[in-house]
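Colleague: Here's my sequence, what's the structure:
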Amino acid sequence: MRKFFSSFFLAVILLASSLPAHADSQEYVMKAMQDEMARSMTRLKLNDHPGPYFISYTITQYDTLNLLASGGSIASDENKCWRDLKVDVREGDYKLDSSNFSAASLAGQAGILPHGNVVTVEDNYDAIRHTLWLRTDAAYKTAIKNLEAKKNYLAQNNVRERPDDMSKEKTIIIVDKPLKFDADGDRWRATIKSLSAIFRQYPEIQHSLVGFSASGCNDWFVNSEGTRCREYQNQYLITVMASLQADDGMQLADSRVFAGYSESDLPTKEALAQSVKAMATSLVKLKSAPLADEYRGPILLEGQASAEFFNQVLRSNLGHAQENLASGLENAHSARRNPLKELYGRRILPEFITITDDPMAKTFKGQTLFGGYKVDDDGVQPQKIVLVDKGILKTFCTSRTPTLHTDHSNGHSVNGVGESNILFIDSSNQLSKDQLKAKLIELGKKEGLKSVMIARRLSTYDAGIFDPASMLAEVKANVANGSTGGINARAPLFLYSVSVDNGSEQLVRGAQFSALSLRLLRDIVCTGDDAKPYLGMQGLFAGSSGLSYTDLISPSVLIEEIELRKPERETDKLPYLPNPYSESKPTS
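Modeller: Numbering: from 1, shown residues only. The predicted structure is shown next:
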């Protein structure tokens, strides 16, 4: 189950309190879950209601070390352990049940109950069953209300093309051997302090953070159909963020993310230092770049820019989230309509592009891939699926909620919502780097342009934490575009204006994508031969309750036409006094 949340990103927003340590768990958790479920399935009945036809319990235990450093000192140091409980109780049957309808109170829908979502971190059988009992009872009462309200709604409203509420899936039993979680806290404290101190050499940079997050995640999952899973996974994440202002006040921010399943998967301290210096140097250079002009014409998205473009524009739309029948708290996600929903079986990309999702993929050209899992959040084993075949949209990533086109899950559930995972963008129309640039210039000449554009890096959602006003505006734009069938992407960060006469490049700043639509995807002319994995943040618009990073394997892409608009006229004022680092000797 994919349970890794971007603890570093969330820690910047909210620092949670620590919980006590605990001993490793083996059988007590699973036995308590199975025993309480058996009792609930046989004895939980209210008046004339027959009792639940389906129950599932998920207990997730997190052992985490979260460190933040800034300016060469530790800003936050948290070593936490906690367990989270999710209960799904359904009244009715597979065809019509209590899901997909919001009739309960706000508190009930949000899980804000007196006993909360947290379960004891100790291996206390009675305490675990006590929490399960209370949560199951509350969920059952809510299920009865929802089912009755749902029946009344359907009796009064015609709902066309309504698939069943839940699919029947094969039961599985997967029991992993426990993994030892043992992050070297002293080593990483020293490392991120050293890395964060590098930014002291760049007084132009106003904000910077270096974070290390290590997570040992243990999942227990049982359902009333007989599925039983226990999965262990360790994950490690380093995130570097920095921002500055240009002389006109424009905010500029960038980030780097490194992830692995073990500490040895992460770059060496020396390699990390080189990356931090390169990022800082690039930001300072960008600070002095001229403002971009209005532009309409071809654009080449190289490297990270291409991968992040696919991540932001396409990835979240390849998952399936059923729209709720009535308004309410659960309908908040459904307000953002998937622009691909009505394009099933139709062309959305050129015929030379195929997109595959494979949560079981381990490596690509010798590089370890990040973000896979053995079992999804519905207790279903994942499948490798072809989402787009030669440009034609063939299917979506699905959970156990059936769709009009699929009766069964393909093992891509994240909190009950179909969500893409490790994406492969494959192309049969590949050019070398030099050939791509030549083709870009050729297209510009045909349009009578004096210059064309190359984007080598797009802004990322995590870097947006240093510019919350801009981030909020983009979130609103994404939701608004989603409700009208449009698409949205963050601005190009490193954008180059390329002369069609001699190919010379000029770094420019501040351009924003304008008037993006799905048609843009079909305007891809060709791709590079440089496909490689890039980490992309998920969860912001894809329906999951937390943030995670997964790999997307993408080549550079050449798009025939795109619109870029000038930067906004209003910017923040610069600080009145200079950075004190410029007036004192930096220390490492």
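Colleague: Residue 264 belongs to a helix?
Modeller: Yes. Per DSSP: H, G, I helix; E, B strand; the rest coil, residue 264 lies within a helix segment.
Colleague: What count of nearby residues applies to it?
Modeller: When neighbours are defined as other CB atoms under 10 Å, residue 264 has 8 of them. Any C-beta I mention is one placed from the backbone N, CA and C, and that applies to glycine too.
Colleague: now it: how far from residue 234?
Modeller: 11 Å (CB to CB, to the nearest Å).
Colleague: How is the protein divided into domains?
Modeller: 22-278, 295-565 (automatic domain parsing).
Colleague: Residue 391: what's it in contact with?
Modeller: Residue 391 makes contact with 347-354, 522 under the criterion CB atoms under 8 Å, 6 or more residues apart in numbering.
Colleague: Apply 7 Å and report the result again.
Modeller: If you count contacts by CB atoms under 7 Å, 6 or more residues apart in numbering, residue 391 has them with 347-351, 353.
Colleague: Tell me which helix or strand comes right after the one helix or strand in the chain whose mean pLDDT sits lowest.
Modeller: For the chain, using mean pLDDT, DSSP states H and E, the weakest element among its helices and strands is helix 106-110, scoring a mean of 41. Sequence order places strand 118-119 as the next helix or strand after helix 106-110, per DSSP states H and E.
Colleague: on contacts alone, who are the packing partners of that following strand?
Modeller: Contact analysis of strand 118-119 by 3 or more CB pairs under 7 Å, 6 or more residues apart in numbering; DSSP states H and E lists strand 73-90 as its packing neighbours.
Colleague: The strand it packs on: partners in the sheet, and parallel or antiparallel?
Modeller: According to DSSP bridges, strand 73-90 has the following sheet partners: strand 54-70 (antiparallel), strand 118-119 (antiparallel).
Colleague: Quick check: next helix or strand after the last one?
Modeller: The reference is to strand 118-119. Going down the chain from strand 118-119, the next helix or strand is helix 125-156, by DSSP H and E.
Colleague: What lies in contact with the helix or strand harbouring residue 309?
Modeller: Using DSSP H and E, residue 309 sits within helix 304-313. Contacts with helix 304-313, where a contact means CB under 7 Å, 6+ apart, come from 301, 425, 455-458, 460, 487, 489-490, 492, 534, 536, 552, 554-557.
Colleague: Which of these fall within helices?
Modeller: Among those, none falls in helices (DSSP state H).
Colleague: From one end of stretch 522-530 to the other, what's the distance?
Modeller: End-to-end distance for stretch 522-530, by CA to CA, to the nearest Å: 20 Å.
Colleague: can you give me how far it is from the chain middle?
Modeller: Chain-centre distance of stretch 522-530: 24 Å, with CA atoms, centre = their mean, to the nearest Å.
Colleague: Please apply the same query to stretch 548-568.
Modeller: Put simply, stretch 548-568 sits 17 Å off its chain's centre (CA atoms, centre = their mean).
Colleague: go on, stretch 200-208?
Modeller: Chain-centre distance of stretch 200-208: 28 Å, with CA atoms, centre = their mean.
Colleague: Need the contact partners of that stretch.
Modeller: Stretch 200-208 has contacts (CB under 7 Å, 6+ apart) with 70-72, 196, 199, 241-245, 280, 283-284, 287, 466, 578-579, 581-582, 586.
Colleague: what are the ranges of the helices in the stretch 251-400 of the chain?
Modeller: Ranges of helices in the stretch 251-400 of the chain, per DSSP state H, counting those that start in this stretch, are 269-287, 304-313, 331-334.
Colleague: Buried deepest among the ones you listed, which one?
Modeller: helix 304-313 (a mean of 25; mean count of other CB atoms under 10 Å).
Colleague: Of all the domains of the chain, which one is nearest residue 574?
Modeller: Nearest to residue 574, of all the domains of the chain, is domain 22-278, at 5.6 Å by CB to CB.
Colleague: Tell me, please, where in the stretch 301-450 of the chain the pLDDT is lower than the cut-off.
Modeller: Within the stretch 301-450 of the chain, the stretches with pLDDT under 70 are 321-324, 326-337.
Colleague: could you redo the last one with a cut-off of 90?
Modeller: 312, 316-317, 319-342, 403-406, 415-417 (pLDDT under 90).
Colleague: Quick one: mean pLDDT over stretch 232-242.
Modeller: Averaged over stretch 232-242, pLDDT sits at 95.
Colleague: Extract the CA atoms of that stretch and return them as CSV.
Modeller: Presented in CSV, the C-alpha positions along stretch 232-242 are these (Å, rounded to 0.1, in the frame of the first residue of the first chain):
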residue,chain,number,x,y,z
TYR,A,232,6.3,-3.2,5.5
GLN,A,233,8.2,-0.5,3.6
ASN,A,234,10.9,1.9,4.6
GLN,A,235,11.3,5.1,2.6
TYR,A,236,13.7,8.0,2.8
LEU,A,237,13.4,11.5,1.4
ILE,A,238,15.6,14.6,1.1
THR,A,239,14.0,17.9,0.0
VAL,A,240,15.9,21.1,-0.7
MET,A,241,14.0,24.4,-1.2
ALA,A,242,15.1,28.0,-1.7
